[in-house]
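*Asks:* The sequence and its predicted three-dimensional model are supplied below.
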Amino acid sequence: MEMTSLRELHQDMIKKGVDMQQFRIRTGAAEFDCLFSTRETPFVLSMTSRGANPKFFKFDVRRGYRIGTYLGDNFGKLRSVLFVDGSSGHRLDPKKFFYELNILIPKVAHVNSVPSPEEIFRLRHDIIEQERPYFDRWEQRGRGPSSENKQKTLLILGTEAHDFSISINKSSIWSSTPTGRPWK
């Protein structure tokens, strides 16, 4: 399904020089913290439900700002978050869900809506080493940074840090306690 709101949001992000936006939406009985990232290829829209038992959803945003409507293993999890099919009398229709989501996504970017590295960790449950969200230092490890380490550096610190890691051939090292150290 084409997500026209993500196209408009991305165009505004480009104008404002940002590559990530955090926003909150409410749909059905659920509220989600959302993160749209253009640091990755394909782009990613991630959604984390709010509440006592948060659930994480990640959707690849492919060329043409398209998101596949097949939910696979996420179908039951999303249905339970939205309280549909059983408790509301409504079935979860993925096409309808994405259509409604497209309406709710903001079309204007805000510089102050670029999340901190710690906030990115909170919102992206798919990032390795969740227990170590704080940048510590650069260190030589084996033949240089692994593909997983490069991906984590890109997602958390951005393109400039990712390119720096490659240029010095060192891995980003992460800590479980705040270090207060910048990556530069």
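*Replies:* The structure has been received and is ready for your questions.

*Asks:* Tell me, how many residues neighbour residue 92?
*Replies:* Using other C-beta atoms under 10 Å, residue 92 has 19 other residues around it. Quick note: C-beta positions are derived from backbone N, CA and C, even for glycine.

*Asks:* So which residues of the chain form strands?
*Replies:* Ranges of strands within the chain are 20-27, 30-37, 43-49, 56-61, 134-139, 171-175, based on DSSP state E.

*Asks:* among those, which is nearest residue 82?
*Replies:* strand 30-37 (5.2 Å; C-beta to C-beta).

*Asks:* What strands line up against that closest one, and which way round?
*Replies:* strand 20-27 (antiparallel), strand 43-49 (antiparallel) (DSSP bridges).

*Asks:* Between strand 56-61 and the shortest one, find me the angle.
*Replies:* Using axes from the mean of the first three to the mean of the last three C-alpha atoms, to 10 degrees, the direction of strand 43-49 lies 160 degrees away from that of strand 56-61.

*Asks:* Dump strand 43-49 to PDB, keeping only the CA atoms.
*Replies:* The C-alpha trace of strand 43-49 is given here as PDB (Å, rounded to 0.1, in the frame of the first residue of the first chain):
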ATOM      1  CA  PHE A  43      13.300   3.100   5.000                       C
ATOM      2  CA  VAL A  44      11.700   1.900   8.200                       C
ATOM      3  CA  LEU A  45       8.500   2.800  10.000                       C
ATOM      4  CA  SER A  46       8.500   1.300  13.500                       C
ATOM      5  CA  MET A  47       5.700   1.400  16.000                       C
ATOM      6  CA  THR A  48       5.800   0.500  19.600                       C
ATOM      7  CA  SER A  49       2.500   0.300  21.500                       C
END
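
*Asks:* Just give me the longest helix of the protein.
*Replies:* The longest helix of the chain (DSSP state H) is helix 4-16.

*Asks:* Highest mean neighbour count out of the strands paired with strand 30-37?
*Replies:* strand 43-49 (a mean of 20; mean count of other C-beta atoms under 10 Å).

*Asks:* how distant is that one from the center of its chain?
*Replies:* In terms of C-alpha atoms, centre = their mean, to the nearest Å, the centre of strand 43-49 is set 5 Å apart from its chain centre.

*Asks:* Give me the mean pLDDT for that strand.
*Replies:* For strand 43-49, mean pLDDT is 97.

*Asks:* quick check: angle from that strand to helix 4-16?
*Replies:* 110 degrees.

*Asks:* Tell me how this structure divides into domains.
*Replies:* Split into domains by automatic domain parsing, the chain comes to 4-115, 127-175.

*Asks:* Looking at the ones you listed, spot the one closest to residue 121.
*Replies:* Comparing the domains of the chain under C-beta to C-beta, the one sitting nearest is domain 127-175, at 4.0 Å.
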